[in-house]
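Asks: Make a model of this:
(2 chains)
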Amino acid sequence: DQQVKQNSPSLSVQEGRISILNCDYTNSMFDYFLWYKKYPAEGPTFLISISSIKDKNEDGRFTVFLNKSAKHLSLHIVPSQPGDSAVYFCAAATQGGSEKLVFGKGTKLTVNP
Amino acid sequence: NAGVTQTPKFQVLKTGQSMTLQCAQDMNHNSMYWYRQDPGMGLRLIYYSASEGTTDKGEVPNGYNVSRLNKREFSLRLESAAPSQTSVYFCASSEARTRYGYTFGSGTRLTVV
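Replies: Next up is the predicted model:
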């Protein structure tokens, strides 16, 4: 059973516009959420994270929103740039014990010039 | 600072052959992980090691073995490769009890023919 779901395999936006990537989770024990970015032929790199005690976290052009009641988080990229074209993975972890992350299947973002 | 180093970067095996994927990190992280990435499947955990001397199965451990040789090194072994093990393999490490996410290696692209 997939605990972290990214239902959109791909997303295409114009340069300068907002990109919104969505992620849903089913495990109510998850208390920490992360987004990773992956370019072809490279490993994923950490982008931004959010704790369940917050509902928003910003880092430059990237903002992550968390809606605990809906078990939903989203990543907003404003403004989108061609260099943002990559696969974005949502990941979640539970408090305490193992540091294991559970990843979604990823969303491929294409930002068109 | 090398981070997480994986070798080899590419490998072609014949069905039934064995090989070991090597991973080393220089960040003094306690936890290390092996993931595989397949199209449409995202990142799936094969094995992980929460600390030196311990290993545990992840989501898809069948057909693999691991060794946590020391704090720096975590290897993944395929004893008898199968075409279903054709994938991109990523090693990652993290610092226990912190929430800064994983640092990933650049991956090993394995093809089993």
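
Asks: So for chain B, the centremost residue is which one?
Replies: B:Trp34 (2.8 Å; Cα atoms, centre = their mean).

Asks: could you give the mean pLDDT of the helix or strand where that residue lies?
Replies: According to DSSP states H and E, B:Trp34 maps onto strand B:31-38. Per-residue pLDDT values across strand B:31-38 average out to 94.

Asks: And for stretch B:60-75?
Replies: For stretch B:60-75, mean pLDDT is 96.

Asks: ok, now stretch A:43-53?
Replies: The model assigns stretch A:43-53 a mean pLDDT of 92.

Asks: re the thing from before, how about the residue nearest to the centre of chain B, what does it touch?
Replies: B:21, B:23, B:45-48, B:58, B:64, B:66, B:74, B:76, B:89-92 (Cβ atoms under 8 Å, 6 or more residues apart in numbering or on different chains). Every C-beta, even on glycine, is put in place using the N, C-alpha and C of the backbone.

Asks: which of those residues tops the neighbour count?
Replies: B:Cys91 (30 neighbours; other Cβ atoms under 10 Å in any protein chain shown).

Asks: Quick one: residues contacting A:Ala93.
Replies: A:Phe30, A:Asp31, A:Tyr32, A:Phe33, A:Leu34, A:Glu99, A:Lys100, A:Leu101, A:Val102, B:Arg99.

Asks: so of these, which ones are in helices?
Replies: The members of the contacts of A:Ala93 all map outside helices under DSSP state H.

Asks: Mind checking which of these land in strands?
Replies: Judged by DSSP state E, the contacts of A:Ala93 include A:Phe30, A:Asp31, A:Tyr32, A:Phe33, A:Leu34, A:Val102 as members of strands.

Asks: Rebuild these as JSON lines, extending it with neighbour count.
Replies: As requested, the ones in strands among the contacts of A:Ala93 are arranged in JSON lines below (neighbours: other Cβ atoms under 10 Å in any protein chain shown):
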{"residue": "A:Phe30", "neighbour count": "21"}
{"residue": "A:Asp31", "neighbour count": "16"}
{"residue": "A:Tyr32", "neighbour count": "18"}
{"residue": "A:Phe33", "neighbour count": "25"}
{"residue": "A:Leu34", "neighbour count": "23"}
{"residue": "A:Val102", "neighbour count": "20"}
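
Asks: A:Ile50: which of the residues you listed is nearest?
Replies: When the ones in strands among the contacts of A:Ala93 are compared for distance to A:Ile50 (Cβ to Cβ), A:Phe33 comes out closest, at 5.2 Å.

Asks: how much space between that closest one and chain B?
Replies: Taking Cβ to the nearest Cβ, to the nearest Å as the measure, A:Phe33 falls 10 Å from chain B.

Asks: Quickly list what that residue is bridged to.
Replies: A:Ile50, A:Ala92 (DSSP bridges).
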